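S.K.: sharing a model prediction with you, sequence too.
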Amino acid sequence: MSIKPVPPPSMLARVLDLQALDRPTLADLDPYLRDPEAAVREAAVHVLGRLLHTGDAPRGAADTLAWTLADPDLRVREAAARTLDDLPEAVVGTDGVEALLLAAAPDRDGRVRGTATALLDALVRAATELYAQGLQEDEPHIRVQAVLGLVTLRAAAEVAEAADDPAREVRVAVAGGLARLAEDAALPEPAPSALDHLLCDHDPVVRMAAIDAVGELGAPEPLVGRVVTATAHTSWQVRRRAALALAFAAPDVAVQPLVRALRDRIVDVRRAAVQSLEQWVPTHPEVLTALTEALSDSDPGVRTQARWALSS
């Protein structure tokens with residue numbers, strides 16, 4: 001029968017001192033969480049867990065516990081993971097989220113990574129529900145903040161639901177948010193449908209925000225068709241934004257509407273058309289012809305832009 005080694009008295013004394021603490025603060029626990037002996041640190045993790053379970057934990061206890069997932073000793077990390085697994089309702093703040101993100105990195109051990117990932121998913125779900133509730137508030141500025149929060153959480157479906165919001169500023173935030181959501185990945189449904197809806201919005205300001213979003217997304221099909229239609233909108237500001245956004249479209253879609261825009265009665269629209277067409281001068285003879293004709297435009301600014309485009 002093997003005999004377990006007896007811990008050094010000094011280490012055992014520190015563990016006993018730790019367990020004797022009455023309602024300890026994080027400052028009280030910090031020396032034990034930093035103790036050179038892993039057994040003492042593990043005991044401190046258990047104390048933190050007990051305090052969180054009983055509701056006696058000091059503010060920031062869950063954050064501190066999350067950081068122990070980075071402890072150099074496997075036993076301490078596993079103790080922290082088990083404790084966090086049993087605390088789905090633990091309140092983790094910004095500092096704790098940072099610790100969880102580090103613990104969820106691919107180079108961490110599987111036990112720690114699994115706990116961190118599960119807790120992060122739970123926090124995202126809870127935050128998404130909270131921001132989604134904010135979309136029902138009466139004040140438009142609160143609903144705008146809710147949209148921005150949902151964008152940060154990459155909650156595309158919830159953002160898309162706000163495309164019908166009665167307030168212009170909220171719908172503008174939705175358009176910009178949908179563009180941000182697509183920066184790193186394909187825009188998931190129902191986000192494209194929401195953006196298509198915003199491209200037909202009755203408010204020109206909202207429509208311009210949606211056009212800008214399509215441009216930022218690279219003018220994908222079938223959204224680019226709405227932008228082409230917008231080059232004939234009654235608002236010259238909308239026509240100008242459409243001309244600028246078509247610079248990101250494929251030339252077989254963009255060239256003809258932009259050539260037509262060179263004849264727009266508003267100077268700013270014609271300048272936007274020249275700016276977007278410039279890239280296709282070397283490859284598309286019809287662009288070369290159209291910009292050559294623009295050298296006789298009534299506006300000196302358009303003539304100058306056309307001259308620069310042809311010489312580039």
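M.R.: Ah, there it is. Residues are numbered from 1 along each chain as shown.
S.K.: buried ones in stretch 215-235, by neighbour count?
M.R.: 215-217, 219-220, 223-224, 226-228, 230-231, 233 (16 or more other C-beta atoms under 10 Å). Heads up, the C-betas are built off the backbone N, CA and C, glycines and all.
S.K.: which one of those residues is nearest V253?
M.R.: When these are compared for distance to V253 (C-beta to C-beta), V224 wins out at 5.7 Å.
S.K.: so who does the closest one touch?
M.R.: Neighbour list for V224: 214, 246, 249-250, 253-254 [criterion: C-beta atoms under 8 Å, 6 or more residues apart in numbering].
S.K.: go again using 7 Å as the cut-off
M.R.: Going by C-beta atoms under 7 Å, 6 or more residues apart in numbering, V224 touches 214, 249, 253.
S.K.: and D86, how far is that from A80?
M.R.: Remark: distance between D86 and A80 (C-beta to C-beta, to the nearest Å) = 11 Å.
S.K.: which one of those two has more residues nearby?
M.R.: Between D86 and A80, counted using other C-beta atoms under 10 Å, the more crowded position is A80 (29 against 11).
S.K.: so the more buried one sits against V45, correct?
M.R.: Yes. A80 lies in contact with V45 (C-beta atoms under 7 Å); the separation is 5.2 Å.
S.K.: who touches both of these two?
M.R.: Shared contacts of A80 and V45 (C-beta under 7 Å, 6+ apart): 65, 68.
S.K.: what's the biggest helix in the protein, counting residues?
M.R.: The residue-count maximum for a helix in the chain (DSSP state H) belongs to helix 110-134.
S.K.: which other residues reach that one?
M.R.: With C-beta under 7 Å, 6+ apart, helix 110-134 has contacts from 69, 77-78, 81, 84-85, 88, 92, 97, 100, 103-104, 142-143, 145-146, 149-150, 153, 155, 158.
S.K.: filter these down to the ones in strands?
M.R.: Per DSSP state E, strands hold no members of the contacts of helix 110-134.
S.K.: residues near Q256, how many?
M.R.: 14.
S.K.: what strand or helix carries it?
M.R.: Using DSSP states H and E, Q256 maps to helix 251-261.
S.K.: low-confidence regions, the stretch 101-250 of the chain specifically.
M.R.: Residues of the stretch 101-250 of the chain meeting the criterion pLDDT under 70: 183-190.
S.K.: if we use 80, what do you get?
M.R.: Along the stretch 101-250 of the chain, segments meeting pLDDT under 80 span 182-191.
S.K.: helices along that one, start to end?
M.R.: Taking DSSP state H, counting those that start in this stretch, the helices of the stretch 101-250 of the chain run over residues 110-134, 140-152, 156-161, 168-181, 191-198, 204-216, 223-230, 236-245.
S.K.: contacting residues around the nearest residue to T115 once chain neighbours are set aside?
M.R.: Distance criterion C-beta to C-beta, 6 or more residues apart in numbering; nearest residue to T115, sequence neighbours excluded, is A81 at 4.0 Å. Residues in contact with A81 (C-beta under 7 Å, 6+ apart) are 69, 111-112, 115.
S.K.: and if we set it to 6 Å?
M.R.: Under the criterion of C-beta atoms under 6 Å, 6 or more residues apart in numbering, the neighbours of A81 are 111-112, 115.
S.K.: so can I have a markdown table of these showing distance to R263 and neighbour count?
M.R.: Putting the contacts of A81 into a markdown table (distance: C-beta to C-beta, whole Å; neighbours: other C-beta atoms under 10 Å) gives the following:
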| residue | distance to R263 | neighbour count |
| --- | --- | --- |
| R111 | 67 | 16 |
| V112 | 64 | 24 |
| T115 | 64 | 24 |
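S.K.: in whichever strand or helix holds D17, what's buried?
M.R.: Assigned by DSSP H and E, D17 belongs to helix 9-20. Judged by neighbour count (16+ other C-beta under 10 Å), helix 9-20 contains these buried residues: 11, 14-15, 18.
S.K.: list just the nearest of the residues you listed to A173.
M.R.: L18 (49.8 Å).
S.K.: which ones are touching the closest one?
M.R.: Contacts of L18 by C-beta under 6 Å, 6+ apart are 32, 43.
S.K.: got the contact list for the closest residue to V302 other than its chain neighbours?
M.R.: Nearest residue to V302 in three dimensions, chain neighbours excluded: R270, at 5.0 Å (C-beta to C-beta, 6+ apart). Listed by C-beta under 6 Å, 6+ apart, the contact partners of R270 are 262, 264, 302.
S.K.: 7 Å instead, please
M.R.: Residues near R270 by C-beta under 7 Å, 6+ apart: 261-262, 264, 297, 299, 302.
S.K.: of those, buried ones?
M.R.: 261-262, 264, 297, 302.
S.K.: these: which two are farthest apart?
M.R.: A261 and D297 (12.2 Å).
S.K.: domain assignment for the protein?
M.R.: 13-94, 121-217 (automatic domain parsing).
S.K.: for the nearest residue to A254 once chain neighbours are set aside, give its distance to G225.
M.R.: In space, and not counting its chain neighbours, A254 is closest to L246: 4.0 Å by C-beta to C-beta, 6+ apart. Between L246 and G225 the computed distance is 11 Å (C-beta to C-beta).
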